[in-house]
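In: no sequence for this one, just the structure:
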């Protein structure tokens, strides 16, 4: 199959999944366990996207300045810095590491 067929199938699956959410009874969605599961899934998806965008380049794993930026941002988060400081710490670390030649 071509890439376009896979893309259209993924779009169809995403639309069907959203439609299933509308067809579920409200009593199921108001269950506290369902709220916890939905919150946990959101955190897991965000974490996996962060890791993939930090360590992957195409089909290969790459250790470059993005990993250092992620570590600096994580340290700022650990110290409970404001969001702007976290972003600036990550950007600054990436800039310094690239300046040092770690691409």
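Out: That came in fine, so what should we check first? Source: prediction; values computed, not measured.
In: which stretches of the chain form strands?
Out: For the chain, applying DSSP state E gives strands covering 56-57, 60-61.
In: paired strands for the first one, with orientation please.
Out: Put plainly, it is strand 56-57. strand 60-61 (antiparallel) (DSSP bridges).
In: starting at the chain centroid, how far to the strand it pairs with?
Out: 17 Å (C-alpha atoms, centre = their mean, to the nearest Å).
In: what lies in contact with the helix or strand of the chain with the lowest mean pLDDT?
Out: Here the helix or strand of the chain ranked lowest by mean pLDDT, DSSP states H and E is helix 26-29, holding a mean of 80. Contacts with helix 26-29, where a contact means C-beta atoms under 8 Å, 6 or more residues apart in numbering, come from residue 34. From N, CA and C alone the C-beta is placed, and that goes for glycine too.
In: just to revisit the earlier point, which of the strands of the chain sits most buried?
Out: Across these, averaging neighbours per residue (mean count of other C-beta atoms under 10 Å) puts strand 56-57 on top, at a mean of 11.
In: which residues sit against it?
Out: By C-beta under 8 Å, 6+ apart, strand 56-57 touches 62, 64.
In: next one: that strand to chain centre, how far?
Out: With C-alpha atoms, centre = their mean, you get 14 Å for strand 56-57.
In: same thing with stretch 50-66?
Out: 13 Å.
In: again, but for stretch 20-34
Out: So, by C-alpha atoms, centre = their mean, the centroid of stretch 20-34 is 25 Å from its chain's centroid.
In: list the buried residues for that stretch?
Out: When burial is assessed from 16 or more other C-beta atoms under 10 Å, stretch 20-34 yields no buried residues.
In: let me see the backbone angles for residue 64.
Out: phi -140, psi -160 (degrees, to the nearest 10).
In: give me the number of residues near it?
Out: By other C-beta atoms under 10 Å, 15 other residues sit near residue 64.
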